[in-house]
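Novice: Quick one, fold the following:
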Amino acid sequence: MKNKRELGLLTVAHGVNDMYQGAVPALLPFLQAGRGYSYTLITGITLAATGLSSLIQPLVGLLADRRPMGWLVPAGMVTAGVGVGLSGLGDAYVWTWIAVALAGIGLAAFHPAGAMAARTLGGGDARSMSVFAVGGNIGVAFAPLFVSVVINGAGVSSTWLLAVPAVVMGAVCLVTRRSWQVITTTPPRTTGVDGKAAQTGPSDNWRAFGTLSVISVFWSIPYVVMGSLAALYVISRFGVSAATGSATLTAFSAGGVVGTLAGGWSAERWGRLTALRYGYLVSALAVAGVVLMPQIAGVLVCAFLYGTVLFVPFAAQVTLAQDYLPHRIGTASGLTLGVTLSAGGLLSPLFGMLADAWGIRAVLATLIGILLVPAALAWRLPEPRTAASRPAHSCKKPSDSGSPRYDQARESR
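Specialist: Next comes the predicted model:
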């Protein structure tokens, strides 16, 4: 792993940013208990967090291929924190919806620039991407505990306290601005300043990227649906409190931390395609355990296992997307992460209506079949044509970065 200090700072920022991604589903049981929202309205809030971001994130990726946009890392993180902080300050559903939508915009702005920087700093390997990704998983896993402590202590109107970590980390970014610029303002480039380098490397494989994007959609649906309904499922089935129900979400998110690290390791050892194919198959079995286990302890264990195996393919998907489009790294990052974080959210109101009609347990059971689709599609993916697309081969001129520290980092590699 290369440039450990810079990658570490970026990973911490990712953790703070994605804590607000996890804070949205963690708030849902408290909003339902305090305001009596239906499952349709609850999943509508999930849509708020992902609807605009589904449009914004790919656009950010396209722009990042053309000009440095590293400032979006701290700006997106602070925006996400402020949005979540505002969500409980008004009693009206529309106020909460708009505030959560603001948080979703911040989350969307962060990820393409962050993923590009992680690729550059880590040399493009799956283990480095998994380290970056696990920072986000830790943030998501910590969110239910953080939200529970704040809301149980001071009520829903105290959500402004949730914005404090983003403000603090934003201040850290300002204090360490020189180091932060090295991390975030040097997007990986596969074309030279004159554009000639694009003719010498591997061509973009849009067909494989398209298949991978469909797989990402079918990753997103089980992730978002479980995140939105897991706590509510345990509360309704076993009659426990909102705080106890959040333990299911914590178990699911904590499994994601383990799965992301295991996915990076397994992708390097057995190949990224293997991580995709078998990760989805085992995920379907874990969902079956969540639905069928008769005791809450068994459900918690299966939720942890489900989070683990669902995240095994994550780092592999991101690096594969970047290698399928070696001349459009920002586009690949924006589209892949945009689909991953947003597609399930766009469909979440539909699953909310089904939960109102059929019950949450029946909706969770449908995830078993949904997970078999990406498992089948993963067998159609080819290996990237060449490893020459990795960023270690791209930033060829010191003038590309404009930063002496970046030149030193290149020499250390």
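Novice: tally of neighbours for residue 4?
Specialist: 13 (other C-beta atoms under 10 Å). Where you see a C-beta, it was placed from the backbone N, CA and C, and this is true even at glycine.
Novice: quick one: contacts for it?
Specialist: Counting by C-beta atoms under 8 Å, 6 or more residues apart in numbering, residue 4 makes contact with nothing.
Novice: How is residue 90 assigned, secondary-structure-wise?
Specialist: Recorded secondary structure, residue 90: coil (DSSP: H, G, I helix; E, B strand; the rest coil).
Novice: So for it, what's the nearest residue that isn't a sequence neighbour?
Specialist: Nearest residue to residue 90, sequence neighbours excluded (C-beta to C-beta, 6 or more residues apart in numbering): residue 96, at 6.7 Å.
Novice: chain center to the helix or strand harbouring that neighbour, what's the gap?
Specialist: Assignment of secondary structure by DSSP states H and E places residue 96 within helix 93-122. Remark: helix 93-122 is offset 9 Å from the chain centroid, using C-alpha atoms, centre = their mean, to the nearest Å.
Novice: which is the next helix or strand following that helix?
Specialist: Using DSSP H and E, the first helix or strand after helix 93-122 is helix 126-154.
Novice: For that following helix, which helices and strands make contact with it?
Specialist: Helices and strands touching helix 126-154, by 3 or more C-beta pairs under 8 Å, 6 or more residues apart in numbering; DSSP states H and E, are helix 4-35, helix 93-122, helix 242-270, helix 314-324.
Novice: mean confidence for the helix holding residue 96?
Specialist: What helix 93-122 shows for mean pLDDT is 83.
Novice: returning to that earlier point: deepest of the helices and strands packed on helix 126-154, which one?
Specialist: Highest mean neighbour count of the helices and strands packed on helix 126-154: helix 314-324, a mean of 28 (counted as mean count of other C-beta atoms under 10 Å).
Novice: Poorly predicted segments of the stretch 201-350 of the chain, please.
Specialist: Scanning the stretch 201-350 of the chain for pLDDT under 70 picks out 201, 330, 333-334, 337-342.
Novice: For it, just list every one of the helices.
Specialist: Here the stretch 201-350 of the chain has its helices, by DSSP state H, counting those that start in this stretch, at 206-238, 242-270, 272-292, 296-311, 314-324, 329-358.
Novice: Only the C-alpha atoms, please, for the fourth one, written as CSV.
Specialist: What follows is the C-alpha trace of helix 296-311 in CSV, where atoms were taken according to Å, rounded to 0.1, in the frame of the first residue of the first chain:
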residue,chain,number,x,y,z
ILE,A,296,-33.8,-12.1,17.6
ALA,A,297,-30.2,-13.3,18.4
GLY,A,298,-30.2,-15.4,15.2
VAL,A,299,-31.5,-12.5,13.2
LEU,A,300,-28.7,-10.3,14.4
VAL,A,301,-26.1,-13.0,13.5
CYS,A,302,-27.5,-13.4,10.1
ALA,A,303,-27.7,-9.6,9.6
PHE,A,304,-24.0,-9.4,10.4
LEU,A,305,-23.2,-12.3,8.0
TYR,A,306,-25.3,-10.6,5.3
GLY,A,307,-23.5,-7.3,5.7
THR,A,308,-20.2,-9.2,5.5
VAL,A,309,-20.8,-11.2,2.3
LEU,A,310,-22.7,-8.4,0.6
PHE,A,311,-19.7,-6.1,0.8
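Novice: tilt between it and helix 272-292?
Specialist: 160 degrees (axes from the mean of the first three to the mean of the last three C-alpha atoms, to 10 degrees).
Novice: Point out the other helices and strands that helix 296-311 packs with.
Specialist: helix 206-238, helix 242-270, helix 272-292.
Novice: Output these as a markdown table; include the columns distance to residue 19.
Specialist: A markdown table is the format used below for these (distance: least, C-beta to C-beta, whole Å):
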| stretch | distance to residue 19 |
| --- | --- |
| helix 206-238 | 13 |
| helix 242-270 | 10 |
| helix 272-292 | 24 |
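Novice: So which of the ones you listed is nearest residue 74?
Specialist: Of all these, helix 242-270 sits nearest to residue 74, with 22.8 Å by C-beta to C-beta.
Novice: Tell me which other helices or strands that closest one touches.
Specialist: By 3+ C-beta pairs under 8 Å, 6+ apart, helix 242-270 packs against helix 4-35, helix 126-154, helix 206-238, helix 272-292, helix 296-311, helix 314-324.
Novice: What about the residue nearest to residue 223 when sequence neighbours are not counted, how many residues nearby?
Specialist: Nearest residue to residue 223 in three dimensions, chain neighbours excluded: residue 344, at 5.9 Å (C-beta to C-beta, 6+ apart). Residues lying near residue 344 (other C-beta under 10 Å) number 28.
Novice: Now do the contacts for residue 344.
Specialist: Counting by C-beta under 8 Å, 6+ apart, residue 344 touches 50, 217, 220, 221, 222, 223, 224, 225.
Novice: The fifth one reaches residue 366, doesn't it?
Specialist: It refers to residue 222. No - Residue 222 is beyond contact range of residue 366, at 9.3 Å (criterion: C-beta atoms under 8 Å).
Novice: out of those two, which sits in the busier spot?
Specialist: residue 222 (24 against 17).
Novice: For stretch 265-281, which outside residues touch it?
Specialist: For stretch 265-281, the surrounding residues in contact (C-beta under 8 Å, 6+ apart) are 125-127, 130, 215, 219, 259, 263, 309-313, 315-317, 319-320, 371-372, 374-375, 378-379, 381, 383.
Novice: at 6 Å what do you get?
Specialist: 126-127, 263, 309, 312-313, 316, 320, 371, 374-375, 378, 381 (C-beta atoms under 6 Å, 6 or more residues apart in numbering).
Novice: nearest to residue 155, of those residues?
Specialist: Relative to residue 155, the closest of the contacts of stretch 265-281 is residue 309; by C-beta to C-beta it sits at 36.7 Å.
Novice: Could you check how far the closest one is from residue 145?
Specialist: Distance of residue 309 to residue 145, given as C-beta to C-beta, to the nearest Å: 23 Å.
Novice: between these two, which one's more packed in?
Specialist: Remark: of residue 309 and residue 145, residue 309 carries more neighbours, 25 against 17, as counted by other C-beta under 10 Å.
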